[in-house]
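Just the structure for this:
(2 chains)
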Number of protein chains: 2
Amino acid sequence: MTVVYDRVALIGLGLIASSMFWAIKRGNVAREVTGYARSDETRQTAREIGLCDRVCDSAAEAAEGADLVVLCVPVGVMGQVAAEIAPALKPGATLSDVGSVKAAVIEAVQPELPDNVHFIPAHPLAGTEHSGPRSGFAELFDNRWCLLVPNEDTDPEALANLRNFWEQLGSNVDEMDADHHDLVLAVTSHAPHLIAYTMVGVADDLRRVTDSEVIKYSAAGFRDFTRIAASDPTMWRDVFLSNKTATLEILGRFTEELFALQRAIRRGDGDQLHDYFTRTRAIRRGIIEAGQDTDAPNFGRGGRKG
Amino acid sequence: MTVVYDRVALIGLGLIASSMFWAIKRGNVAREVTGYARSDETRQTAREIGLCDRVCDSAAEAAEGADLVVLCVPVGVMGQVAAEIAPALKPGATLSDVGSVKAAVIEAVQPELPDNVHFIPAHPLAGTEHSGPRSGFAELFDNRWCLLVPNEDTDPEALANLRNFWEQLGSNVDEMDADHHDLVLAVTSHAPHLIAYTMVGVADDLRRVTDSEVIKYSAAGFRDFTRIAASDPTMWRDVFLSNKTATLEILGRFTEELFALQRAIRRGDGDQLHDYFTRTRAIRRGIIEAGQDTDAPNFGRGGRKG
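Numbers count the residues shown, from 1 in each chain, chains lettered A, B, ... in the order given. Below is the predicted model of the structure:
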């Protein structure tokens, strides 16, 4: 219950920004929150549901006078939005973002900024399959990681404030450099998303199995893929295009391993398959022990069995 | 609350059999349930926790006199277990199974059986990441599909009884021929499982990203993969080896599509990616509308976002 910033501006009002707003209000983390979204409809919705204390009609107006400005727009337009708000930024303000990719965002945003603004990229590892201003909720960041990406020139006080802000929103905070962030996320998120999109696309394409069969009998692994593959298309297009190198590297390794397992299946090498499947169980146990998931029986969602 | 069979025998006492037992007791679907497991330890556990009315020391003893015998063992040993119990089967009894593959099970089991036994393969589409006699619970099959695989010679009354049995256990029941079952499951379950195992294996192998990073920051897609990839190694080895043709066909299509998307990323073709990701959303909506999953925000498990 500490006010960390007097005024926070949220640029872009989708799942992450709307959840940030409700979490800011829950914890009284800022005195005023301004907001802006490019579409009239989103701004209208925000005003209807009370999302932001003040919804502005331009990004610059929302950013003006704010102590913290957070870019919550797709990674592909971060640079353009930064250019729009740069003249309005208060000297000494902190600019941050919530993009899933960091090196490309830094490259696009940093050149647009005046020297008297602290730019500290960030990435909260939280989300759902839903998008838009109505999808947010205050608990989204609770006990989730938020990764901050400072560099050697980052002002320690500005960094401490941003850390405090995310902690007040419920997150655990870690720091990481941009390239390592992009590699870690390529492994834990970007490659898995592309793989899930692909598998769902294959199912949709296969004319010998009807869509209704895929839908009815998806109680087993595939259903998790469909949840992943329902995420926002614009956001994910931008993620893949802007984390190209790391994503393609991981997908290359993935394909190599998949071919090895396909070959084991074709040759009937049961030992190789069994050893592989036994090894992957250990990672799952690690995740449960780290408190990042639960192993409670999954009544509502049924099954993993084949 | 209808007794469908006087005595049911469960051969193999893992997740599925133990859930069947508790669901049978919940609905009073059989008057007596016998059970058998190959390992002393599992039989001992079953006796301790009251799993089965009578735990027997051989499969034949458990099967003897039963009206319904259900093989709940890995697909790779179904034929061998069928041979063991064949001499003990009561004339007119029904033999079924719960294997994730159907053509290979029929090929292995049918030749072992006397003519006066009704063999009707089945596959309940339900499960969790857990295995063993302590992992079962009565609700596992509620509102999940159970696929029965009769042929043109199947006795209608025996089929009606087995359908009634699974409905009393909470399932929705459908019928399908064996080859089509194996193709549908290759799409909705077998290929997704192999893909998830592979991706988790890649993460574990990548020395530039530590296991602890993979574990801490897995709040996004990858975590669902680890749940899938924690399933029982023996069961899954047997599934892939016995549904080889369909699984390899689907994996071939998957790889082809994945290469096309990788190429779009490499070339920066955002439209192709966006179109693809938009299409896969529709399948997800279908699954939610069909009542096979919920779109409630996923508080406990966090996120899908990158």
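
Can you name the element that comes right after the helix or strand encompassing residue A:182?
Under the criterion of DSSP states H and E, residue A:182 resides in helix A:178-185. Next helix or strand after helix A:178-185 toward the C-terminus (DSSP H and E): helix A:191-205.

Could you list every helix and strand that that next one packs against?
helix A:211-216, helix A:222-228, helix A:233-242, helix A:244-267, helix B:191-205, helix B:222-228, helix B:244-267, helix B:270-289 (3 or more Cβ pairs under 8 Å, 6 or more residues apart in numbering or on different chains; DSSP states H and E). C-beta coordinates here come from the backbone N, C-alpha and C atoms, glycine included.

With mean neighbour count, mean pLDDT and distance to residue A:178 as new columns, can those helices be given to me in JSON lines?
Below are those laid out as JSON lines (neighbours: other Cβ atoms under 10 Å in any protein chain shown; pLDDT from 0 to 100; distance: least, Cβ to Cβ, whole Å):
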{"stretch": "helix A:211-216", "mean neighbour count": "18", "mean pLDDT": "81", "distance to residue A:178": "39"}
{"stretch": "helix A:222-228", "mean neighbour count": "26", "mean pLDDT": "82", "distance to residue A:178": "25"}
{"stretch": "helix A:233-242", "mean neighbour count": "24", "mean pLDDT": "94", "distance to residue A:178": "12"}
{"stretch": "helix A:244-267", "mean neighbour count": "18", "mean pLDDT": "96", "distance to residue A:178": "11"}
{"stretch": "helix B:191-205", "mean neighbour count": "26", "mean pLDDT": "90", "distance to residue A:178": "20"}
{"stretch": "helix B:222-228", "mean neighbour count": "26", "mean pLDDT": "82", "distance to residue A:178": "20"}
{"stretch": "helix B:244-267", "mean neighbour count": "18", "mean pLDDT": "96", "distance to residue A:178": "19"}
{"stretch": "helix B:270-289", "mean neighbour count": "17", "mean pLDDT": "86", "distance to residue A:178": "22"}
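
Okay, residue A:224 and residue A:187: tell me how far apart.
From residue A:224 across to residue A:187, the span is 18 Å (Cβ to Cβ, to the nearest Å).

Backbone dihedrals for the residue in the stretch 101-250 of chain A that chain B sits nearest to, please?
Distance from chain B to each residue of the stretch 101-250 of chain A (Cβ to the nearest Cβ) is smallest for residue A:127, at 2.2 Å. With angles defined as degrees, to the nearest 10, residue A:127 sits at phi 170, psi 180.

count of neighbours near it?
The local packing of residue A:127 (other Cβ atoms under 10 Å in any protein chain shown) involves 29 other residues.

Quick check, it in contact with residue A:232.
No - contact criterion Cβ atoms under 8 Å: residue A:127 and residue A:232 do not qualify, at 9.1 Å.

anything in contact with each of these two?
Common contacts of residue A:127 and residue A:232 (Cβ atoms under 8 Å, 6 or more residues apart in numbering or on different chains): residue A:15.

Show the model's pLDDT score for the residue lying closest to residue A:27 once chain neighbours are set aside.
Leaving out its chain neighbours, the residue that sits closest to residue A:27 by Cβ to Cβ, 6 or more residues apart in numbering or on different chains is residue A:168, at 4.7 Å. As predicted, residue A:168 sits at a pLDDT of 98.

can you pull the contacts of residue A:168?
A:2, A:4, A:27, A:29.

Nearest to chain B, out of those: which one, please.
Set against chain B, the nearest of the contacts of residue A:168 by Cβ to the nearest Cβ is residue A:27 (17.0 Å).

which regions of chain A lie under the pLDDT threshold?
For chain A, the stretches with pLDDT under 70 are A:1, A:219-220, A:291-306.

Please parse it into its domains.
A:5-176, A:180-289 (automatic domain parsing).

Make JSON lines out of those and add distance to residue B:17.
Listed next are the domains of chain A as JSON lines, based on distance: least, Cβ to Cβ, whole Å:
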{"stretch": "domain A:5-176", "distance to residue B:17": "34"}
{"stretch": "domain A:180-289", "distance to residue B:17": "18"}
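
can you tell which of those domains is closest to residue B:183?
domain A:180-289 (6.0 Å; Cβ to Cβ).

So for that closest one, first residue to last residue, what's the gap.
End-to-end distance for domain A:180-289, by Cα to Cα, to the nearest Å: 24 Å.

now that domain, how far from the centre of its chain.
18 Å (Cα atoms, centre = their mean, to the nearest Å).

Roughly how far does residue A:184 sit from residue A:216?
To residue A:216, residue A:184 is 37 Å away according to Cβ to Cβ.

what's the answer for residue A:271, then?
The gap separating residue A:271 from residue A:216 is 35 Å, by Cβ to Cβ.

How about residue A:177?
On the measure of Cβ to Cβ, residue A:177 and residue A:216 end up 47 Å apart.

swap in residue A:28?
On the measure of Cβ to Cβ, residue A:28 and residue A:216 end up 47 Å apart.

Equivalent analysis for residue A:163, please.
For residue A:163, the distance to residue A:216 - Cβ to Cβ - is 47 Å.

Likewise for residue A:148?
Residue A:148 is 44 Å from residue A:216, by Cβ to Cβ.

And residue A:165, by the same measure?
46 Å.

now residue A:110
For residue A:110, the distance to residue A:216 equals 50 Å [Cβ to Cβ].

Also residue A:279?
With Cβ to Cβ as the criterion, residue A:279 and residue A:216 are 33 Å apart.

Next: residue A:242.
37 Å.

Check residue A:285 too.
Distance from residue A:285 to residue A:216, by Cβ to Cβ: 32 Å.

do the same with residue A:207
In terms of Cβ to Cβ, residue A:207 sits 17 Å off from residue A:216.

before we move on, what about residue A:100?
Going from residue A:100 to residue A:216 by Cβ to Cβ gives 33 Å.

And for residue A:66?
Distance, residue A:66 to residue A:216, using Cβ to Cβ: 50 Å.

and what of residue A:210?
On the measure of Cβ to Cβ, residue A:210 and residue A:216 end up 9 Å apart.

can you check residue A:97 too?
Distance from residue A:97 to residue A:216, by Cβ to Cβ: 41 Å.

thinking again about what came up before, nearest to residue A:16, out of the helices and strands packed on helix A:191-205?
Counting by Cβ to Cβ, residue A:16 lies closest to helix A:233-242 out of the helices and strands packed on helix A:191-205; the figure is 9.6 Å.

now the angle from the closest one to helix A:244-267?
Interaxial angle of helix A:233-242 relative to helix A:244-267 (axes from the mean of the first three to the mean of the last three Cα atoms, to 10 degrees): 90 degrees.

any residue of helix A:233-242 up close to chain B?
Yes - under the criterion of Cβ under 8 Å from any Cβ of the partner chain, chain B is reached by helix A:233-242 at A:233, A:234, A:235, A:236, A:237, A:238, A:239, A:240, A:241.

With respect to residue B:37, which of those residues is nearest?
residue A:236 (45.6 Å).

OK, contacts around the residue nearest to that closest one when sequence neighbours are not counted?
Spatial nearest neighbour of residue A:236, excluding adjacent residues (Cβ to Cβ, 6+ apart): residue B:277 at 5.5 Å. Going by Cβ under 8 Å, 6+ apart, residue B:277 touches A:197, A:229, A:231, A:233, A:236, A:237.
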